[in-house]
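Visitor: Sharing a model that was predicted from the sequence below.
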Amino acid sequence: MLIEMNNVFKTYVLGEVKVPALHAISLNIEDNEYVAIMGPSGSGKSTLMNIMGCLDTPTTGTYYIGRKNVGSLNDNQLSDIRNTKIGFVFQTFNLLPRSTALHNVELPLIYSGMPSFKRKQLAMDVLERVGLKDRMMHKSNELSGGERQRVAIARALANKPSLILADEPTGNLDSKTGEEIIDIMQRLYEQGNTIILVTHEEYIAKQTNRIIRLRDGIIESDA
Amino acid sequence: MIILENIQMALQSLKTNPLRSVLTLTGIAVGIGAVLYVVILGEITQQRINERLESLGSNVLLIRPGYSRIRGVRTAARVINLKLDDAKEIKTASDVITFAVPRYTGQGVAEFKDQNWSTRITGTTPEYETVNNDHPIEGRFFSEDELNSKARVCLLGATVHEELFGNLSPIGESILINSKRFTVIGLLGSKGESWHNPDNQVFIPLTTAQERLYGVDYLTSILAQMRSADDYDESLFDIETILRRNHRLRSDEVNDFRVRRQDLYLSTVRETNLEIANFIIIIALVSLIVGGIGVANVMLVTVTERTREIGIRRAIGAKKFHILTQFLVEAVILGIIGGILGIVGCLGFNYFFTGNGLSIPLNWVGYSFIICSGIGSIAGLYPAIQAANKNVIDALRYE
């Protein structure tokens, strides 16, 4: 089992006020699943995504990823998990604007200590997989929205992660480009990756195999 | 190696904001340039003083009239008691003293055609040349005969020559000293800058000074050359014995003369120069610290500007340590580049504007690098820690 969440609560403390974001979340996700997480704003989707991505830790409850208890890990270990086990794709792309596409994809490999020649080769390969081989020396702020998201996907794939987390990946794209991105997601799933997609679009969620619906911080349905 | 990556990223970051980079670098460059320049000046001055010391020899004693400060209470200064016989007897009676050169120095005005110049007139004997290792670069010193005949001949120091004659040779020319006619027979070389300005002097025979110019029968000093530097104690004893007897001093009276080593006086000058140089270096270091504060300031701004970037890097797996190193390297690079600019600027300024030649104290160039890296590290440390400790989720949301 890849992801195991047991009775996870997350509460934010803002000064004197406690804001409960997640309430008794329990779920399991296996390898090679294609999951969508849906819900209106304020439902806790982002919070759940952050915890799954090891960007944040539960207030109470346990979260196992690949048999590791995230709650027991220190900051460096969490960074390692984000580096090698998880690949993020953000709504706003989150690339380094003045670096080339190639350098952006190399970045996680740099942090995992891969030597220069090997990682350049690997980065080029994965950029080719998303169809950006001839744009790889362009700075990312010279690329279109769709191209940027593809660079982001390539970056997410670079270290061969167990899990790809995409937070509204088509949110900043027009519908045609959005479809291209969702096609890439589909292909990645078919190639054996595990994909968790946060979205508020029904038609995108329909293309996945499992939809977890959140409302007010609890799981409404999971099918 | 990730350090190489960091260096490349640092240089990239500097290029992104050229004006800001240049302003920050200028702060460091000026600081380092100032420190280095003071050091170079100090070294040059020290070198000159050392050369003076070497040419003088460390075995020359300076005997002057007046009270002795070492032994007790000062009585009325008696300046007219040092006589030519004192000098002669010191030379002949002492085994350890090889030369005793008498001197009388007074003020005077030297005139040539329509130029005149206020200077010191020193009357002495021909042995002055040997004892002080001061050979004329043109012409010759005066002779024993000229001394005996109270001849009106003179040698010019470099400053006097320049003021009266410019570049022309003074040899054989006739000048006025205190309105009396003299013939120039020699020109002395320049000794470099020193606070008592040895180049502003005119040398004439002692007898001429005493009888023709000033109407005195006493001396202002005697230069005694010891056989060797080790003979100091014995020389001092001989001088004291001879002078105390000649001056009819009772055993309860203090010495009416002072004896000092020539080189000690210059050592004092050297130490003073050192103190002054150190003081100025401290001031220059303050400017360097200000440069460092500039670096710290810019790094803080940079870190805030790149909050989002920090969040992205952390999200894809950068550890806190990676972020810390990234920004620290950037600060150190700023320091080093500023240092290089400062060193080049200082050496260039030294060469083109002050004509001091291209003497590069290599060890100080090395120290400059260390200082710059140090300043960069210290200045960049706090901003780098700030960067590393940023909350990842908040950083990702930063606009």
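Guide: Right, received. Where do you want to start?
Visitor: From chain A, how far out is the nearest residue to B:Arg260 once chain neighbours are set aside?
Guide: Of all residues not flanking B:Arg260 in the chain, B:Leu62 sits nearest, at 4.9 Å (CB to CB, 6 or more residues apart in numbering or on different chains). Yep, even glycine has a C-beta here, placed from its N, CA and C like the rest. In this view, B:Leu62 and chain A are 71 Å apart by CB to the nearest CB, to the nearest Å.
Visitor: Could you do B:Gly33 as well?
Guide: According to CB to the nearest CB, B:Gly33 stands 32 Å off from chain A.
Visitor: Which strand or helix spans the most centrally placed residue in chain B?
Guide: Centroid-nearest residue in chain B, with CA atoms, centre = their mean: B:Thr45, separated by 2.9 Å. Using DSSP states H and E, B:Thr45 falls within helix B:18-56.
Visitor: What helices and strands are in contact with the helix or strand that that helix is followed by?
Guide: Next helix or strand after helix B:18-56 toward the C-terminus (DSSP H and E): strand B:60-65. Packing contacts for strand B:60-65, counted by 3 or more CB pairs under 8 Å, 6 or more residues apart in numbering or on different chains; DSSP states H and E, involve strand B:221-226, helix B:232-246, strand B:257-261, helix B:262-305.
Visitor: can you put the ones you listed in JSON lines and add mean pLDDT and mean neighbour count?
Guide: As requested, the helices and strands packed on strand B:60-65 are exported to JSON lines (pLDDT from 0 to 100; neighbours: other CB atoms under 10 Å in any protein chain shown):
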{"stretch": "strand B:221-226", "mean pLDDT": "89", "mean neighbour count": "23"}
{"stretch": "helix B:232-246", "mean pLDDT": "89", "mean neighbour count": "17"}
{"stretch": "strand B:257-261", "mean pLDDT": "84", "mean neighbour count": "18"}
{"stretch": "helix B:262-305", "mean pLDDT": "84", "mean neighbour count": "17"}
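Visitor: Which residues are in contact with the closest residue to chain B within chain A?
Guide: Among the residues of chain A, A:Asn83 lies closest to chain B, at 2.3 Å counting by CB to the nearest CB. Going by CB atoms under 8 Å, 6 or more residues apart in numbering or on different chains, A:Asn83 touches A:Pro108, A:Tyr111, A:Ser112, A:Asn159, B:Ile316, B:Gly317, B:Ala318.
Visitor: I'd assumed A:Glu4 was in a strand, is it?
Guide: Yes: per DSSP: H, G, I helix; E, B strand; the rest coil, A:Glu4 lies within a strand segment.
Visitor: Mind checking the pLDDT average for the longest helix seen in chain A?
Guide: If you go by DSSP state H, chain A has its longest helix at helix A:175-190. Per-residue pLDDT values over helix A:175-190 give a mean of 92.
Visitor: What is it packed up against?
Guide: strand A:34-38, helix A:145-157, strand A:163-167, strand A:194-198.
Visitor: Repeat the analysis, applying 7 Å as the threshold.
Guide: Under the contact definition 3 or more CB pairs under 7 Å, 6 or more residues apart in numbering or on different chains; DSSP states H and E, helix A:175-190 sits against helix A:145-157, strand A:194-198.
Visitor: returning to that earlier point: hang on, the residue nearest to B:Arg260 packs against B:Leu223?
Guide: Yes: counting by CB atoms under 7 Å, B:Leu223 is a contact partner of B:Leu62 at 6.3 Å.
Visitor: hang on, the earlier thing: got the contact list for the residue nearest to B:Arg260?
Guide: B:Ser221, B:Leu223, B:Arg260, B:Gln262 (CB atoms under 7 Å, 6 or more residues apart in numbering or on different chains).
Visitor: The last one reaches B:Ile63, doesn't it?
Guide: No: no contact is recorded between B:Gln262 and B:Ile63 when judged using CB under 7 Å, the distance being 10.7 Å.
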